[in-house]
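Enquirer: No sequence on hand, only this structure:
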């Protein structure tokens, strides 16, 4: 059976722009359009030329090489002809391959928001589509509030959709604008639109996530016959967001229920780039990627249960719904309280530490890890501290240097000008090669001061840690009040692009930070030697 | 038509515990069980007594007053009788109302993971259910990998489910353990389980979010006939998480497709507490709530589009799929300053501060709050700091005392016995009624030392703050490395049972903590006077 083609329509740059806290610049839009174009979606909706300076500037050029570039806008105003509507003129003159009109399809909104008759609205749809087609554009119509409109007045909602189709729209898109429609309703209403004479091959779905079912609504619509899916990268969008294309695309490609019947324009190779696409987009938004995101999250193929982990090592496919590499992700077996021995051995192996399962040092390591996790250490979030501990217990790690003492001082007082001032200072004494070095530094708070002092003079190792930088610092209070146990996680990176996390735990936040800082430096020194093959020679 | 009852089963404390980065202490579990019990779910699954010290300790008492308290565990081992299996004995002896057994229902896993025959696995299911029933417990069975197992060997998967039901299990729960099953498959396979002789009234669904459809899979299963839904708070869980009860419950209660046929144990009043429940749980996990979460996110009813916003003001229901107040959430229109002002006045009124809308001090307060929130203050999580700021700007709050300076010192060194030792000390100078007092204290870390020193001698106010206690202390790093901006939230309470939150923000964690500590003390002194009607007289 020949597979039917599904078309992917991305509206990250238009509807995604409605996300609270997100405002794209022209440069952002250019960068995102490039990501989408290279990834291989069929349509990239860029915005609403004429509505604001950013979108107008963005549409002065075609911004995609492969994907069709789509301009969004309103149907012509009631009371003027299509040729006399300056808004419509700006829209069809924008540098785009296609025009997507938004049209009211709920009679209530026609009356209240447009203030015109139902028939005038149908005329506007018809005239606008014809004008776009006449200008050589592919035309499509987003039927706003289609599902709610259908529930209120099915005949009128269908008349809007049918008018768009009859006027020559390539796509008639059924929109669940308020996002509250249930999959069973989508199934039923799509069937009725097809029965009313609009072929499924000309229907699209535009879903929102207000009940957490935008993905399911989109896929249900495909099962019911639609062939275009609108959505956004990582599901951004107004309120709870739009349908997440990053979740939908792998399901279409990898789940037999869809893959046996349908194909998209995304190749297997492009699909393997979807995790990178998702994370790159978050990078661009300057926000942390969602670890638990379907398919692409760093936890999407992570397991910490002991029994699961040992079975997983034997036969991954029985515990993974799809192979992680198909979506460019990877398996992750976490070290944790709940992990079994097999789990441990597999994790160590991934880090290049081979240890036989019956080695007694392995049992000692496991019991130390369990003990420390009970105290509050979180090794699953601190790879480098785990590896350091394992190497110390299973092999040896040289003592590069020793901190013999440190002191931090924080003072807040009024200065000579009567201004409140807080000063933080740290003094560190370090023994390197038998020589004691003493460093002092001021910083933004005691931890920053300690960090600077600690890395100020490590003698012969100083040159090696010059490119070490701390990029993230997280604090979690594990229980109760100000005397509580504190866990500190630190992320470091260096000029090679390597990134690692270390952990420290104490009832004293300075102590906890100190442990994590020390682990970070020692890990870097150890890794340098390992890469140079010098661990044995040290 | 009489509505059919649906049962809500929460597994936050058991399957939710598999979430990467989440490890509950016994205290955490007690707090979460209390939230769930008060909210009104039918079942609270607490963990696996016998598997680890935390869960064993948690099950030494029944932890719920209304919800049924459920212990989770494995079916009896093959080769021993139910009465001779110590794991099973521990499980049925735990202080619980019900026992939920996990049982393999995919023949592949029976062979590879259990290493027994299909028949031995059925025997284990039967004997375990019978043992639980004999011990006076409600028994249920989670059929692990049921959907994947069904696809591989439908007869065996059904035999496992049927065996559990025939042995007396109140609930047979169909689990999509790997999370890759599509809603259409759930619909079909649930129908087959019912056709095989297990009534829908005894079936449950346990879905995972690996394709972003855990909510849809759960609701589809209900449409297909199951009557118990398993899920977690905010959808935490292994890999991509479990079905999110916080999304499912409002849909069941508010969407006609479900509400006309079904009812749950959650009243309309309890439903209005669901936003608070969701945010309170995130607070407990010390993580930022997801703004775009369906129903409960702060953006779930937010709109920034100008046209939508004005239509929304006229007739909210045409742009909102449900009324926000039904789920304890609020409408948020992000453009109108006017809307912002009305919100503010309402917020102040809620705290007993009456201020006319045209008072110029109100504009000043709004701009200070906006400025501070841009710096990182989070007044929505720090009621007391907000109220203090408002009262200071709108009325007056006396300066009870003034801290003229403080100094903290943290020292780590080897003591006389060669032991590493860290000492934290704080010195505080306070001016009370023109008299300078100087206090010094040691503590667990600098913040604790500062807290103790600050409250050591406040002269005539000392007696008043004797019952003030800090019960929680949270730190969030708002950006980047160790020089980052730090936000500290402190929860205090006193002998009257009052609880209040205060906030401090600085690039110095000690400074941020100091602000929050000061706010807490001043708030308490102010409240004491307010209650005594003395504010004016001061």
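Expert: Cool, got the structure. Keep in mind it's a predicted model, so treat the numbers as computed, not measured.
Enquirer: which bits of the stretch 51-200 of chain A sit near chain B?
Expert: A:106, A:108-109, A:112-113, A:145, A:178-180, A:182-185 (C-beta under 8 Å from any C-beta of the partner chain). Just so you know, the C-beta spots here come from the backbone N, C-alpha and C atoms, and that holds for glycine as well.
Enquirer: List only those of those flagged as buried.
Expert: The neighbour-count criterion (16 or more other C-beta atoms under 10 Å in any protein chain shown) marks A:106, A:108, A:109, A:113, A:145, A:178, A:179, A:180, A:182, A:183, A:184, A:185 among these as buried.
Enquirer: about what we covered before: now the residues of the stretch 51-200 of chain A next to chain B in a markdown table, with secondary structure and pLDDT?
Expert: Output for those, formatted as a markdown table (DSSP: H, G, I helix; E, B strand; the rest coil; pLDDT from 0 to 100):
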| residue | secondary structure | pLDDT |
| --- | --- | --- |
| A:106 | coil | 96 |
| A:108 | helix | 92 |
| A:109 | helix | 91 |
| A:112 | helix | 84 |
| A:113 | helix | 82 |
| A:145 | coil | 96 |
| A:178 | coil | 95 |
| A:179 | coil | 97 |
| A:180 | coil | 97 |
| A:182 | coil | 98 |
| A:183 | helix | 98 |
| A:184 | helix | 97 |
| A:185 | helix | 98 |
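Enquirer: which helices and strands sit right next to the one helix or strand residue A:32 maps to?
Expert: Using DSSP states H and E, residue A:32 falls within helix A:26-39. With contacts defined as 3 or more C-beta pairs under 8 Å, 6 or more residues apart in numbering or on different chains; DSSP states H and E, helix A:26-39 has these neighbours: strand A:43-47, helix A:53-58, helix A:274-285.
Enquirer: about what we covered before: out of the residues of the stretch 51-200 of chain A next to chain B, which one sits closest to residue A:81?
Expert: Ranking those by separation from residue A:81, with C-beta to C-beta as the measure, puts residue A:113 on top at 21.7 Å.
Enquirer: My guess is the closest one contacts residue A:102. True?
Expert: No - counting by C-beta atoms under 8 Å, residue A:113 sits too far from residue A:102 to count as a contact (11.4 Å).
Enquirer: give the contact list for residue A:55.
Expert: With C-beta atoms under 8 Å, 6 or more residues apart in numbering or on different chains as the criterion, the residues that contact residue A:55 are A:46, A:47, A:48, A:49.
Enquirer: Look up the closest residue to residue A:104, ignoring the ones flanking it.
Expert: Once flanking residues are discounted, residue A:104 sits nearest to residue A:110: 4.9 Å by C-beta to C-beta, 6 or more residues apart in numbering or on different chains.
Enquirer: now residue A:37
Expert: Nearest non-adjacent residue to residue A:37, counting by C-beta to C-beta, 6+ apart: residue A:64, 4.2 Å away.
Enquirer: ok, now residue A:4?
Expert: Going by C-beta to C-beta, 6+ apart, residue A:4 has residue A:262 as its nearest residue, at 5.4 Å.
Enquirer: go on, residue A:344?
Expert: Residue A:344's closest residue in space is residue A:366 (C-beta to C-beta, 6+ apart), at 5.9 Å.
Enquirer: hang on, isn't that neighbour packed against residue A:343?
Expert: No - contact between residue A:366 and residue A:343 fails when scored by C-beta under 8 Å: they sit 9.5 Å apart.
Enquirer: who's more crowded, the two?
Expert: When residue A:366 is set against residue A:343 and neighbours are counted by other C-beta atoms under 10 Å in any protein chain shown, the residue ahead is residue A:343, at 25 against 18.
Enquirer: Pull up the gap between the more buried one and chain B, please.
Expert: Between residue A:343 and chain B the distance, using C-beta to the nearest C-beta, to the nearest Å, works out to 13 Å.
Enquirer: next one: residue A:246
Expert: Taking C-beta to the nearest C-beta as the criterion, residue A:246 is separated from chain B by 9 Å.
Enquirer: Let me know the secondary structure of that residue.
Expert: Applying DSSP: H, G, I helix; E, B strand; the rest coil to residue A:246 yields a three-state assignment of helix.
Enquirer: what residues are up against the residue lying closest to it once chain neighbours are set aside?
Expert: Closest residue in space to residue A:246, ignoring its immediate chain neighbours: residue A:278 at 4.8 Å, by C-beta to C-beta, 6+ apart. Contacts of residue A:278 were listed using C-beta under 8 Å, 6+ apart, and they are A:233, A:234, A:246, A:289, A:293, A:296.
Enquirer: which of the residues you listed lies closest to chain B?
Expert: Closest to chain B out of the contacts of residue A:278 is residue A:293 (6.9 Å), distances taken as C-beta to the nearest C-beta.
Enquirer: For the stretch 1-150 of chain A, which residue gets nearest to chain B?
Expert: When scored by C-beta to the nearest C-beta, the stretch 1-150 of chain A has residue A:20 as its residue closest to chain B, at 4.6 Å.
Enquirer: How about the stretch 301-450 of chain A?
Expert: Relative to chain B, the nearest point of the stretch 301-450 of chain A is residue A:321 (2.6 Å; C-beta to the nearest C-beta).
Enquirer: So for residue A:474, what's the nearest residue that isn't a sequence neighbour?
Expert: Closest residue to residue A:474 apart from its sequence neighbours, by C-beta to C-beta, 6+ apart: residue A:489 at 4.4 Å.
Enquirer: Assumed the one you found was part of a helix.
Expert: No - using three-state DSSP, the assignment for residue A:489 is strand, not a helix.
Enquirer: Per-residue pLDDT of it, please?
Expert: Residue A:489 carries a pLDDT value of 86.
Enquirer: Show me where chain A dips below the pLDDT cut-off.
Expert: Residues of chain A that meet the criterion pLDDT under 70 lie in A:286, A:305-314, A:333-340, A:479-483, A:533-538.
Enquirer: in it, which residue is closest to the centre?
Expert: The central residue of chain A, meaning the one whose C-alpha is nearest the mean C-alpha position (C-alpha atoms, centre = their mean), is residue A:289 at 3.9 Å.
Enquirer: and that one, what helix or strand is that in?
Expert: When secondary structure is defined using DSSP H and E, no element contains residue A:289, which sits outside every helix and strand.
Enquirer: That one touches residue A:280, doesn't it?
Expert: No - contact criterion C-beta under 8 Å: residue A:289 and residue A:280 do not qualify, at 9.5 Å.
Enquirer: could you point out the longest helix in chain A?
Expert: In chain A, assigned by DSSP state H, the helix with the most residues is helix A:509-531.
Enquirer: near chain B, anything from that one?
Expert: Yes - interface with chain B: helix A:509-531 contributes A:509, A:510, A:511, A:513, A:514, A:517 (C-beta under 8 Å from any C-beta).
Enquirer: Residue A:496: how many residues sit nearby?
Expert: Residues within reach of residue A:496, counting by other C-beta under 10 Å, total 11.
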